[in-house]
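K.L.:
after the sequence you'll find the predicted model.
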Amino acid sequence: MNNLKKIAFITAISYTPLFIALIPSYTAAKTNHKNDTTKKSFVVTDAYDKSIDISLQKNKVLFINFWSLTCVPCKAEMPTINNLANHYKNDTNFLVIPIDLDRNLAEDIRYFNEKNLTLTVYKSSGIVPEDLFMGVLPTTAVIDKKGKIVFFRQEEGKYDIPSFFHFADSLLGQ
């Protein structure tokens, strides 16, 4: 019986990556976070000192991405985040907020210009809440209009695909 359990465990471990790969990318990272990020003040600032207090963004959907120029997967997913931002650029209820944890916005702007990315990049102006970032890059969180984290991913993602647009549209429609 003990050997049978070992075989079942090894088989389950071996096939887990295959099953995860078959799940659409945005659903694989959904989470059941119960945290209400709107109760914690968290301010980000762009290169022109324009600040956004995440806790004051009620009735908006927030796409928050933590990244760094030294992170290869972060840079790889940035074009898809740029496309997502461009897709929703006329919707004031959808905010894309890439936060560079290196806090070197001048270097980020140079990089974005080289890659033809039109995103506004931000740095944190205080302590990042643990429910949004746990030390893994890249990390992406989507916060719904009620301030709840409804999507959380700690790996590279693709955000300019129809299934993610549908997910974002459903949040905007709530």
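P.N.:
Perfect, I can see it now.
K.L.:
going forward, measure contacts between C-alpha atoms and count neighbours the same way
P.N.:
Fine.
K.L.:
would residue 99 count as being in a strand?
P.N.:
Yes. Residue state for residue 99 (DSSP: H, G, I helix; E, B strand; the rest coil) corresponds to a strand.
K.L.:
surely it meets residue 74?
P.N.:
No. With contact defined as Cα atoms under 8 Å, residue 99 does not reach residue 74; the gap is 11.0 Å.
K.L.:
name the residues contacting each of the two.
P.N.:
Shared contacts of residue 99 and residue 74 (Cα atoms under 8 Å, 6 or more residues apart in numbering): residue 67.
K.L.:
for residue 93, what are its contacts?
P.N.:
Counted by Cα under 8 Å, 6+ apart, residue 93 has contacts 59-61, 172.
K.L.:
pick out the most distant pair among those.
P.N.:
Greatest spatial distance in the contacts of residue 93: 59 and 172, 8.8 Å, computed using Cα to Cα.
K.L.:
overlap in contacts, the two.
P.N.:
Residues touching both residue 59 and residue 172 (Cα under 8 Å, 6+ apart) are 93, 144-145.
K.L.:
okay, how far is it across stretch 134-145, tip to tip?
P.N.:
Start and end residues of stretch 134-145 are separated by 23 Å (Cα to Cα, to the nearest Å).
K.L.:
cool, stretch 64-81 as well?
P.N.:
With Cα to Cα as the measure, stretch 64-81 spans 10 Å from end to end.
K.L.:
rewinding a little: which among the shared contacts of residue 59 and residue 172 gets closest to residue 158?
P.N.:
Proximity of the shared contacts of residue 59 and residue 172 to residue 158, judged by Cα to Cα, is greatest for residue 144, which lies at 19.1 Å.
K.L.:
backbone dihedrals for the nearest residue to that closest one once chain neighbours are set aside, please?
P.N.:
Nearest non-adjacent residue to residue 144, counting by Cα to Cα, 6 or more residues apart in numbering: residue 61, 4.8 Å away. Phi and psi for residue 61, reported as degrees, to the nearest 10, are phi -100, psi 130.
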